[in-house]
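Colleague: I'd like to go over a predicted model; first the sequence, then the structure.
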Amino acid sequence: MADPTIPILDMRAVSKTYAVGGRRIEALREADLTVSRGEFVCLLGASGCGKSTLLRMAAGFETPSSGEAVMWGQPIAGPGPSRGMVFQDYGLFPWLTVRDNIGFGPKARGRPAAEVRDIAERYSTLVGLQAFADAYPHQLSGGMKQRVAIARVLANEAEVVLMDEPFGALDAMTRERLQDELLDLWSRTGLTVLFVTHAIEEAIFLADRIVMMSPSPGRIEAVYDVGLPRRRDVSSPAFNDLRRMLAAQLHSHHAPKAAA
Amino acid sequence: MSTGIEVGGLPVSATVPPAPRTDRTGVALARLSRLVLACIVPAVLLTVWQLTTAGRPYSLIPPPADVWAEMRDLAVGGINDDAFSGTLWTHLAASLGRVYGGFALAAAAALPLGLLIGRIPLIRALLDPVLQVLRPVPVTAWLPLAMILFGLGPRSAFFLVFLGAFYPILVNTVFGVRAVEPRLFEAAAMLGCTGPAQFLRVVLPASLPSIFTGLRLGLGFAWVVIVVGEMTGVQTGLGAIIMEARQLSRTEIVICGMAVIGVAGFVSDWLVMLLGRRLLAWSPTHG
């Protein structure tokens, strides 16, 4: 399955059109994107640029109106454990403890109870929550909830982790810490990450490649390779040059609207 | 309390708030005052009852002392030695059996139906209109029809209890299912739990708080309805004893029957609440 010569994710001219109250809304127009195994790709853009739509197509929650979403050469038919999703609002099961949230995937897929317990133990430790294994989600902070959400897709052996503005609801300090932790996990496990954000700095800090998207209709405008060495220094001149360039481009998307 | 610590060679002073006093006597006092507050209104009512009835030979309502004596006679006998003596447990057992039997049957029918109606649009379109039209019909209005369908006797009472408990459980289950965050279905699907498996792993646990509200209401209605159900053509049960005592003008027995129903209903509700507290420990609004 894991043929290294073909991309793990391949979005081929995918479009999405919704009908809202008799009006047709073009959420995404002919987006082409390939993601190789082990890559960290950020989708960056203002709201309405179709970045979440593209991500949800990769997850299998949305089907393209035209074009094709493909994983390892096979069309994506629906959501599945090979593509784990981390939501901004966590999406944890409130009736399950941290341990059982992490074990949910393996259990749903029929792994024996002892193995599920081992997996939950291992991944709660991996994200530093072994002391909270018996806590319920409402007892955790936002940062801890998002650690559980990440652990639960890793525990389920996801090959691609799809993240939809996962740190958007967190305070600045927690966000920075989780960005570091995510990069650490990514470099240790060889994960493939597709990460949606509207924060320029977050994209530069995390991504191998930044896919810049623009709204109405949502489309991919440009793709940038971020060549900066890791761990990236957010205060370095090179980082700031890139930030300035991306900011100018992102703000140009608003300009025509402001004039109108 | 102030403690001096050093961070990176620099002294930093931190103020640590004193730990809150763990006050067992405070908790006990609060509990006692709640108990006292709860007893005030019954005490006033009992006093008014005593003052307006005691020592008046032609009072239609017997004084509390007479009712208490009758209660003991109903429970263990040895005071009046009439047809009612010592029969309380038979009647209570009959009513309990019907209430819990009808309630269990209602839960067994309403729960799966509610899950399906809430989750599957086709079944909702098929059943919801019928159930919505039948719902406003008071359970008591079913009594004549129940007697034709199930005959004069305990089976009709059983059916009425079932009907009384069925709707609160169904309505609250449907409501709970429809209120489940769609995000949770997405989360389950991307983790590999799809299709009918979601009923047990997502739909049921997520709607459990609402289902429990339905069960409590349903059990309450079961106690309301049982008396009506037992008032015609039934030999045993708390409703039957109230009806029989009324015909014999034994008002003290009527009041005893009412009191026993009150206590039995209260204990039932309390048990369901305890169970709910255990099962809903995860919920910030229950538990």
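Modeller: Thanks, I have it.

Colleague: what's the distance between the closest residue to A:G38 other than its chain neighbours and chain B?
Modeller: Counting by CB to CB, 6 or more residues apart in numbering or on different chains, A:G38 lies nearest to A:G190, which is 5.2 Å off, once chain neighbours are set aside. To be clear about C-beta, it is placed using only N, CA and C from the backbone, and glycine gets the same treatment. Going from A:G190 to chain B by CB to the nearest CB, to the nearest Å gives 20 Å.

Colleague: Residue numbers of chain A in contact with chain B?
Modeller: A:59-61, A:78-81, A:83-85, A:87, A:89, A:91-97, A:104-105, A:108-109, A:136-138, A:152-153, A:156 (CB under 8 Å from any CB of the partner chain).

Colleague: Next step: these restricted to helices.
Modeller: A:A59, A:F104, A:G105, A:A108, A:R152, A:V153 (DSSP state H).

Colleague: Thought B:G237 was touching B:S156, still the case?
Modeller: No - using CB atoms under 8 Å, B:S156 is not in contact with B:G237, being 11.7 Å away.

Colleague: Between those two, tell me which one has more neighbours.
Modeller: Taking neighbours as other CB atoms under 10 Å in any protein chain shown, B:S156 and B:G237 compare with B:G237 leading, 27 against 24.

Colleague: Which residue, other than its chain neighbours, is closest to that one?
Modeller: B:E230 (3.8 Å).

Colleague: Next, the contact list for the one you found, please.
Modeller: B:A94, B:S95, B:R98, B:P154, B:A157, B:G237, B:L238, B:G239, B:A240, B:M243 (CB atoms under 8 Å, 6 or more residues apart in numbering or on different chains).

Colleague: any idea how far it lies from chain A?
Modeller: 39 Å.

Colleague: Can you tell me how far that residue is from B:A93?
Modeller: Note on B:E230: its distance to B:A93, by CB to CB, to the nearest Å, is 13 Å.

Colleague: before we move on, the earlier item: most neighbours out of the ones in helices among the residues of chain A next to chain B, which is it?
Modeller: Ranking those using other CB under 10 Å puts A:R152 first, with 32 neighbours.

Colleague: doesn't B:G192 make contact with that one?
Modeller: No - counting by CB under 8 Å, A:R152 does not reach B:G192; the two are 11.2 Å apart.

Colleague: list the residues that contact both of the two?
Modeller: A:G105.

Colleague: just checking, the residue nearest to A:G38 touches A:F40?
Modeller: No - A:G190 is not in contact with A:F40 according to CB under 8 Å; the separation is 10.9 Å.

Colleague: quick one: which of the two has more around it?
Modeller: A:F40 (21 against 9).

Colleague: Surely that one is in contact with A:T189?
Modeller: No - the criterion here is CB under 8 Å, and A:F40 misses it with A:T189 at 11.8 Å.

Colleague: got the buried residues for the helix of greatest length in chain A?
Modeller: Longest helix in chain A by number of residues (criterion: DSSP H): helix A:172-189. For helix A:172-189, the neighbour count (16 or more other CB atoms under 10 Å in any protein chain shown) marks A:T174, A:R175, A:E176, A:L178, A:Q179, A:E181, A:L182, A:L183, A:L185, A:W186 as buried.

Colleague: Report the separation between the fourth one and B:R24.
Modeller: In this structure, A:L178 and B:R24 are separated by 41 Å, where distance is defined by CB to CB.

Colleague: before we move on, what about the first one?
Modeller: Separation of A:T174 from B:R24 (CB to CB) stands at 37 Å.

Colleague: And for the last one?
Modeller: Applying CB to CB, one obtains 51 Å for the distance of A:W186 from B:R24.

Colleague: Where do the strands of the stretch 1-150 of chain A begin and end?
Modeller: For the stretch 1-150 of chain A, the strands defined by DSSP state E, counting those that start in this stretch cover A:9-20, A:23-35, A:40-44, A:66-71, A:74-75, A:83-86.

Colleague: In the stretch 101-250 of chain B, mark out all the helices, start to finish.
Modeller: Assigned by DSSP state H, counting those that start in this stretch, the helices in the stretch 101-250 of chain B fall at B:121-134, B:143-150, B:154-178, B:182-190, B:197-198, B:204-230, B:238-247.

Colleague: can you put those in JSON lines and add mean pLDDT?
Modeller: Formatted as JSON lines, the helices of the stretch 101-250 of chain B follow (pLDDT from 0 to 100):
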{"stretch": "helix B:121-134", "mean pLDDT": "93"}
{"stretch": "helix B:143-150", "mean pLDDT": "89"}
{"stretch": "helix B:154-178", "mean pLDDT": "93"}
{"stretch": "helix B:182-190", "mean pLDDT": "96"}
{"stretch": "helix B:197-198", "mean pLDDT": "93"}
{"stretch": "helix B:204-230", "mean pLDDT": "92"}
{"stretch": "helix B:238-247", "mean pLDDT": "93"}
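
Colleague: The ones you listed: which one's closest to B:R31?
Modeller: Evaluated over these, closeness to B:R31 peaks at helix B:204-230, with 23.2 Å, by CB to CB.

Colleague: How far off centre is the closest one?
Modeller: Relative to its parent chain, helix B:204-230 has a centroid offset of 6 Å by CA atoms, centre = their mean, to the nearest Å.

Colleague: any idea of the angle it forms with helix B:182-190?
Modeller: 120 degrees (axes from the mean of the first three to the mean of the last three CA atoms, to 10 degrees).

Colleague: who in chain B is up against chain A?
Modeller: Contact residues, chain B versus chain A (CB under 8 Å from any CB): B:181, B:183-184, B:186-194, B:197, B:201-202, B:205-206, B:208, B:281-284.

Colleague: I'd like the distance between the residue nearest to B:G237 and B:L113.
Modeller: From B:E230 to B:L113 the distance is 27 Å (CB to CB).

Colleague: one step back: from the contacts of B:E230, which two are the most distant?
Modeller: B:R98 and B:M243 (14.9 Å).

Colleague: Who has more neighbours out of the two?
Modeller: B:R98 (28 against 18).

Colleague: any idea how far that one lies from A:Y18?
Modeller: B:R98 is 54 Å from A:Y18, by CB to CB.

Colleague: remind me which residues of the stretch 1-150 of chain B are low pLDDT?
Modeller: B:1-22 (pLDDT under 70).

Colleague: Taking it, what residue is nearest to chain A?
Modeller: B:L115 (15.6 Å; CB to the nearest CB).

Colleague: what about that residue, how many residues close to it?
Modeller: 21.

Colleague: got the CA coordinates for stretch B:123-131 in CSV?
Modeller: The C-alpha coordinates for stretch B:123-131 follow below in CSV (Å, rounded to 0.1, in the frame of the first residue of the first chain):
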residue,chain,number,x,y,z
ILE,B,123,-38.8,6.2,10.4
ARG,B,124,-39.4,9.7,11.7
ALA,B,125,-41.5,10.5,8.6
LEU,B,126,-43.4,7.3,9.1
LEU,B,127,-44.1,7.3,12.8
ASP,B,128,-43.8,10.9,14.1
PRO,B,129,-47.1,12.2,12.7
VAL,B,130,-49.1,9.3,14.2
LEU,B,131,-47.4,9.6,17.6
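
Colleague: Now it: buried residues?
Modeller: Quick answer for stretch B:123-131 (16+ other CB under 10 Å): B:R124, B:L127, B:L131.

Colleague: what residues are up against the spatially closest residue to the second one that is not a sequence neighbour?
Modeller: If you skip the residues right next to it in sequence, B:L127 has B:I117 as its closest partner in space, 5.8 Å away by CB to CB, 6+ apart. Contacts were defined as CB under 8 Å, 6+ apart; by that measure B:I117 touches B:I123, B:R124, B:L127, B:D128, B:L131, B:L170, B:V174, B:V177.
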